[in-house]
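Engineer: only geometry, no sequence info:
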Ligand SMILES: Nc1ncnc2c1ncn2[C@@H]1O[C@H](COP(=O)(O)OP(=O)(O)OP(=O)(O)O)[C@@H](O)[C@H]1O
């Protein structure tokens, strides 16, 4: 899509958004509340009309009405769109019929989709008896009946417990393995880190970053983090902070009591820092290492956390 703009009255919700999704690619569209994610997604699907800009799929315009390009995309809306009192399989058949599927082909496809979202054993049960996560998976299934090439999911895991979130991710990974392209919006950096091979960060309707996760990681001032807890409380904590900060490869040091968070330019520096602490006679109560979170780049770019 290119140069998408949408205003609601005086408010410019989307202000010139452009990015590409390659075949088979999973793009994570990240942004805080009100950033313009849902509006962007609605324009991509032709649900709302852009003030300007264009969306094309395989070179064909996705317009407002029915089009060949539109038939290649599926939308999983943020709000559930299911018939609570209709068995799961019948829900899927209903959506399939809306896409023009009939008879045996419709029945076969509904079964396939139910298996894909991991609900085959609940075919005859009604969504009203499902957990929140199962409803979300059925909602994803509803967008898959017509076998879309590009699936767009608007916050597919909102309000879902961690276990169900994993089940949803298994479904998304299966779709990815089938070579489908995915766009999904999220507040959750850890989800995007798990699934996306490309990340677009938007805020105030504008694209702030559009890159592969590893590339975003490289833009961070620190690549890795080391957390150490010293055994004895040290009277000279501030002096130690200064000494640690002066060690080669250390990008920054923060502490809370005897717990030190040391940012490193590279994970390879961790061993040297630990050796230095040992040489200085400090005993470790605990230590851990971690990759610096992409959440930090988000904070750097937007000045906001994702959960603001
Ligand atoms: N139909 C509408 N009428 C008026 N303003 C709207 C409408 N839809 C969205 N907006 C405004 O446009 C801005 C972007 O909203 P949008 O829903 O696209 O953000 P979002 O990034 O999806 O946020 P969230 O994560 O909360 O869903 C917000 O300021 C919102 O209040």
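Structural biologist: Okay, I see it. For clarity, every value in this text was computed on a predicted model and none was experimentally measured.

Engineer: the stretch 201-308 of the chain: helices as residue ranges?
Structural biologist: Remark: helices assigned in the stretch 201-308 of the chain by DSSP state H, counting those that start in this stretch are 213-219, 237-245, 270-279, 294-302.

Engineer: mean pLDDT lowest for which of the ones you listed?
Structural biologist: Of all those, helix 294-302 carries the lowest average pLDDT, namely a mean of 75.

Engineer: packing partners for that helix?
Structural biologist: Packing contacts for helix 294-302, counted by 3 or more C-beta pairs under 8 Å, 6 or more residues apart in numbering; DSSP states H and E, involve helix 189-195, strand 198-203, strand 206-211, helix 213-219. C-betas here are computed from N, CA, C, even on glycine.

Engineer: out of the ones you listed, the one nearest the ligand is which?
Structural biologist: Nearest to the ligand among the helices and strands packed on helix 294-302 is strand 198-203 (7.3 Å), distances taken as C-beta to the nearest ligand atom.

Engineer: ok so, going back, take the helices and strands packed on helix 294-302 and lay them out in a markdown table including distance to the ligand and mean neighbour count.
Structural biologist: Converted to a markdown table, these look like this (distance: least, C-beta to the nearest ligand atom, whole Å; neighbours: other C-beta atoms under 10 Å):
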| stretch | distance to the ligand | mean neighbour count |
| --- | --- | --- |
| helix 189-195 | 14 | 18 |
| strand 198-203 | 7 | 23 |
| strand 206-211 | 12 | 17 |
| helix 213-219 | 19 | 14 |
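
Engineer: pull out the buried residues from stretch 251-264.
Structural biologist: 251, 253, 255, 258, 260, 262, 263, 264 (16 or more other C-beta atoms under 10 Å).

Engineer: and the residues you listed, which is closest to residue 92?
Structural biologist: Of all the buried residues of stretch 251-264, residue 92 sits closest to residue 263, with 48.6 Å by C-beta to C-beta.

Engineer: tell me which of the helices of the stretch 201-308 of the chain is the most buried.
Structural biologist: Among these, helix 294-302 has the highest mean neighbour count (mean count of other C-beta atoms under 10 Å), at a mean of 19.

Engineer: what's the angle between it and strand 198-203?
Structural biologist: Put simply, helix 294-302 runs at 40 degrees to strand 198-203, going by axes from the mean of the first three to the mean of the last three C-alpha atoms, to 10 degrees.

Engineer: what's the angle from helix 294-302 to strand 206-211?
Structural biologist: Using the same axes, to 10 degrees: helix 294-302 against strand 206-211 is 140 degrees.

Engineer: can you list contacts of helix 294-302?
Structural biologist: Helix 294-302 has contacts (C-beta atoms under 8 Å, 6 or more residues apart in numbering) with 30-32, 189, 192-193, 199, 201, 203, 208-209, 213, 216-217, 219-220, 222, 304-306.

Engineer: just name the closest of the buried residues of stretch 251-264 to the ligand, please.
Structural biologist: residue 263 (29.1 Å).

Engineer: what sits against that closest one?
Structural biologist: 221, 222, 224, 225, 250, 251, 252, 253, 292.

Engineer: in strands, which of these fall?
Structural biologist: Among the contacts of residue 263, DSSP state E puts 224, 225, 250, 251, 252, 253 in strands.
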